[in-house]
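A.B. asks: Quick check, what structure comes out for this input:
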Amino acid sequence: MEDEAEIYDGIRAQFPLAFGKQQKSQTSLEAIHNATRRSTAGAAAFTASNSNNKTNEALPSLSSSSKAWLDSLRNSKSPNPNPNDSVIGPPRPPSGPVPDEDDEDVMVGPPPPPPGSGEDDDNDVMIGPPRPPVGPSSDSEEDDEEENRYRIPISNEIVLKGHTKIVSALAIDHSGSRVLSGSFDYTVRMFDFQGMNSRLQSFRQLEPFEGHQVRNLSWSPTSDRFLCVTGSAQAKIYDRDGLTLGEFVKGDMYIRDLKNTKGHISGLTCGEWHPKTKETILTSSEDGSLRIWDVNDFKSQKQVIKPKLARPGRIPVTTCAWDREGKCIAGGIGDGSIQIWTLKPGWGSRPDIYIEKSHSDDITGLKFSSDGRTLLSRSFDGSLKVWDLRQIKAPLKVFDDLPNNYAQTNIAFSPDEQLFLTGTSVEKESTVGGLLCFYDCSKLELVQRVGISPSCSVVQCAWHPRLNQIFATSGDKSQGGTHVLYDPTLSERGALVCVARAPRKKSVDDFEAPLVIHNPHALPLFRDQPSRKRQREKILKDPVKSHKPELPITGPGHGGRVGSTKGSLLTQYLLKQGGMIKETWMEEDPREAILKYADVAAKDPKFIAPAYAETQPEPVFAKSDSEDEEK
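C.D. replies: Residues are numbered from 1 along each chain as shown. Below is the predicted model:
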């Protein structure tokens, strides 16, 4: 066979490359996902036996061999059989020492049902799948099932790069096809999973407001537009392709009452689109107000909300959030309080729920549960608190030791709301990097910590319900990226689509027109004279050459000096040419030059001399004495 292959290769070398049927070398899906597999130990502990419920319908575009590999991967990740699954063939032998033949407890045939099951204990016939053996191993199996029920997709990871500073804003549309990432480098990058290959490059880059950080991004309910909140006082609306639709008006900063201004007068801190209504958005600002806007009218807001304060003043609103139905608004106030307003006819700025001194520092993130009874809050003080809105005197649970250095750090729920997660920041003297921390909603305890980056902080996170993939933004002062965690057996579309899509290879038939650069200034006619700035600076530093006078210029001259004109400045040249300057003072005696006008003054007096001619004494000029001059 090897000889035949060599013969065919030799024959093919005599023909064009496009001749005959081309065989494409396909990389197996197993090798592709092994390349993105996370190296952290225990990452696959959560994606065990329950992953068997996924079908091959999750990846319709995969080949039969790829689906077979996924099936084998699912079986290998679930060594303990699920009691609900049917087993073909005899049961596996129980683990432990092999009993002797003389032992009276030797069991022949299938194991009997456990006591208390309602069946006859004398009947050894077992109907259905075998039950796991009773013993010390059953506890570990229960623990595995307890962990597996969370189904956290963290076995594989890709990174969407492109930003030069930390990524502070994240938004995934409801279908899971497009991802928005905003950064402190003033830009927004747009990623499309359907059009992206394994290079993971963004298809568009925006700069909403020059010199202002991007602080929040939010998709509309129909995913046809998105809201961009920056450090400026004006929020922007873009369409799905990144084209600007409008910019909200800025208020008059000289009006004292915020309710009389048409918009925010200070930098924005947060903003969210209404979860149900596609015309309504909410923004919060450092000017101490929350505002509800209509996206069809960029020149005025619908409602202005002023939070309740202990004393008059302007305290910034650091974050805001809608509930799941869009009937309540929550705001985190700079004085540490959380205030919640219910949208109803005739409602005003007085909050319906007021949690005083909820945190000791600024609040960075708020999140409602789907039933509207639980509220999660994240703060600069390094804590995450769980609040029951029916009893707000004290939090249900406080999770400490969660360092937070960014005002955009948020909280997210899992799709089934069994878990909630948040990110942590990297501290200077700490050896722990940026983490994603998962907590159980019912037990209110830590479930898992996932290391995202050893040197970068984790700011925003999201768990997309359709893709079943976890997004986490991270970065520092020099780099930033969006980490996408997924599991090939649990996740759908999203990262699975673009990872398996190799970039296009260049063909021999590709043609690119040579780039012609038209540069008229390169011609000698338009070429500038070489700069002598560095040479002049070097001469000024030389103590000898710096005292040398400038030589006259020959030629057309430059730098304000005119050459070939017997002068150094343009003014002197013009005066000399006009006859206004005659350099005779160096040749004449000044005394004689003055006295030569004496006779003219006596013969033809002007205005003043005739009036005083009779009373004016006769001038007597001193005569030069040769003897005095010699002395």
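A.B. asks: Show the model's pLDDT score for residue 571.
C.D. replies: pLDDT, residue 571: 70.
A.B. asks: Next up, phi/psi of residue 260, please.
C.D. replies: Main-chain dihedrals, residue 260, degrees, to the nearest 10: phi -100, psi 0.
A.B. asks: Tell me the confidence at it?
C.D. replies: 87.
A.B. asks: next one: residue 30
C.D. replies: 79.
A.B. asks: Residue 516 now?
C.D. replies: On the pLDDT scale, residue 516 gets 78.
A.B. asks: And residue 109, by the same measure?
C.D. replies: 55.
A.B. asks: and what of the one 5 residues further on?
C.D. replies: At residue 114, the predicted lDDT confidence score is 55.
A.B. asks: So which helix or strand of this structure has the lowest pLDDT on average?
C.D. replies: helix 136-148 (a mean of 49; mean pLDDT, DSSP states H and E).
A.B. asks: And the next helix or strand past that helix?
C.D. replies: strand 156-163 (DSSP states H and E).
A.B. asks: Now do the same for that following strand: mean pLDDT, whole number.
C.D. replies: 91.
A.B. asks: Only the buried residues of that strand, if you could.
C.D. replies: By 16 or more other C-beta atoms under 10 Å, the buried positions in strand 156-163 come out as 156-158, 160-163. All C-beta spots, glycine's among them, are computed from the backbone N, C-alpha and C.
A.B. asks: so which of those residues would you say is closest to residue 315?
C.D. replies: residue 163 (31.3 Å; C-beta to C-beta).
A.B. asks: The closest residue to residue 272 other than its chain neighbours pairs with what?
C.D. replies: Sequence neighbours aside, residue 218 is the residue nearest to residue 272 in space, at 4.9 Å (criterion: C-beta to C-beta, 6 or more residues apart in numbering). When bridges are called by DSSP bridges, residue 218 pairs up with residue 227.
A.B. asks: hang on, residue 218 packs against residue 275?
C.D. replies: No - applying C-beta atoms under 8 Å as the test, residue 218 and residue 275 come out as separate, 9.9 Å apart.
A.B. asks: who has more neighbours, these two?
C.D. replies: residue 218 (22 against 16; other C-beta atoms under 10 Å).
A.B. asks: Show me how far the helix or strand that contains residue 472 is from its chain's centre.
C.D. replies: Assigned by DSSP H and E, residue 472 belongs to strand 469-475. Chain-centre distance of strand 469-475: 10 Å, with C-alpha atoms, centre = their mean, to the nearest Å.
A.B. asks: what's the helix or strand following it in contact with?
C.D. replies: Using DSSP H and E, the helix or strand that follows strand 469-475 towards the C-terminus is strand 480-486. Strand 480-486 is contacted by residues 38, 153-167, 170, 179, 181, 183-185, 191, 450, 452-453, 456, 467-475, 494-496 when judged by C-beta atoms under 8 Å, 6 or more residues apart in numbering.
A.B. asks: from these, which would you call buried?
C.D. replies: Buried among those by 16+ other C-beta under 10 Å: 153-158, 160-163, 165-167, 170, 179, 181, 183-185, 191, 450, 452-453, 456, 467-475, 494-496.
A.B. asks: is it fair to say residue 536 lies in a strand?
C.D. replies: No - counting by DSSP: H, G, I helix; E, B strand; the rest coil, residue 536 is not found in a strand; it is helix.
A.B. asks: now it: how far from residue 529?
C.D. replies: As judged by C-beta to C-beta, to the nearest Å, residue 536 and residue 529 stand 14 Å apart.
A.B. asks: between the two, who's got more neighbours?
C.D. replies: Between residue 536 and residue 529, counted using other C-beta under 10 Å, residue 536 has the larger neighbour count: 10 against 6.
A.B. asks: And the pLDDT at that one?
C.D. replies: At residue 536, pLDDT is 85.
A.B. asks: repeat for residue 560
C.D. replies: 66.
A.B. asks: How are the helices of the chain distributed by residue range?
C.D. replies: 2-12, 29-35, 64-76, 136-148, 495-499, 533-541, 570-577, 590-595, 598-603, 626-630 (DSSP state H).
A.B. asks: Span of stretch 458-477 from start to end?
C.D. replies: End-to-end distance of stretch 458-477: 13 Å, with C-alpha to C-alpha, to the nearest Å as the criterion.
A.B. asks: got it, and stretch 342-356?
C.D. replies: 18 Å.
A.B. asks: One more: stretch 429-449?
C.D. replies: Using C-alpha to C-alpha, the two ends of stretch 429-449 sit 20 Å apart.
A.B. asks: try stretch 398-415
C.D. replies: 23 Å.
A.B. asks: what's the answer for stretch 316-326, then?
C.D. replies: For stretch 316-326, the end-to-end distance is 23 Å (C-alpha to C-alpha).
A.B. asks: Residue 268 and residue 282 touch, don't they?
C.D. replies: No - with contact defined as C-beta under 8 Å, residue 268 does not reach residue 282; the gap is 11.1 Å.
A.B. asks: show me the contacts for residue 194.
C.D. replies: With C-beta under 8 Å, 6+ apart, residue 194 has these contacts: 177, 497.
A.B. asks: All further residue positions should be reported with the first residue as 59.
C.D. replies: All set: I'll call the first residue 59, so the last point we hit is now residue 252.
A.B. asks: Next one: it from residue 301, what distance?
C.D. replies: 19 Å.
A.B. asks: Also residue 316?
C.D. replies: 32 Å.
A.B. asks: So those two - more neighbours on which side?
C.D. replies: For residue 316 versus residue 301, neighbours defined as other C-beta under 10 Å are more numerous around residue 316 (19 against 9).
A.B. asks: any idea how far the more buried one lies from residue 228?
C.D. replies: Residue 316 is 30 Å from residue 228, by C-beta to C-beta.
A.B. asks: quick one: contacts for the residue nearest to residue 330?
C.D. replies: With C-beta under 8 Å, 6+ apart, residue 276 has these contacts: 229, 284-285, 287, 329-331, 339.
A.B. asks: ok, of those residues, which one's closest to residue 269?
C.D. replies: residue 287 (15.2 Å).
A.B. asks: what about residue 280, neighbour count?
C.D. replies: Using other C-beta under 10 Å: residue 280 sits among 11 other residues.
A.B. asks: isn't it right up against residue 335?
C.D. replies: No - in this structure residue 280 lies outside contact range of residue 335 using C-beta under 8 Å: 10.4 Å.
A.B. asks: returning to that earlier point: sheet-wise, list the partners of the strand holding residue 530 with their directions.
C.D. replies: strand 515-522 (antiparallel), strand 538-544 (antiparallel).
A.B. asks: what's residue 409 in contact with, if anything?
C.D. replies: 365-366, 397-399.
A.B. asks: repeat for residue 416
C.D. replies: 394-396, 435, 437, 443, 445, 453.
A.B. asks: rerun that using 6 Å as the cut-off
C.D. replies: Contact partners of residue 416, counting by C-beta atoms under 6 Å, 6 or more residues apart in numbering, are residue 396.
A.B. asks: can you pull up the bridge partners for residue 481?
C.D. replies: Per DSSP bridges, the residues bridged to residue 481 are residue 494.
A.B. asks: no, scratch that, I was asking about residue 348
C.D. replies: Applying DSSP bridges, one finds that residue 348 bridges with residue 342, residue 363.
A.B. asks: so it touches residue 389, yeah?
C.D. replies: Yes - here residue 348 reaches residue 389: they are 5.4 Å apart, a contact under C-beta atoms under 6 Å.
A.B. asks: Overlap of the contact sets of those two?
C.D. replies: In contact with both residue 348 and residue 389: 375, 378, using C-beta under 6 Å, 6+ apart.
A.B. asks: Touching stretch 427-443 from outside, list them.
C.D. replies: Counting by C-beta under 6 Å, 6+ apart, 381-382, 417-426, 444-445, 447, 453, 456-458, 460-462, 467, 469, 475, 480 sit against stretch 427-443.
A.B. asks: Are any of those residues buried, and if so which?
C.D. replies: 381, 417, 420-426, 444-445, 447, 453, 457, 460-462, 467, 469, 480.
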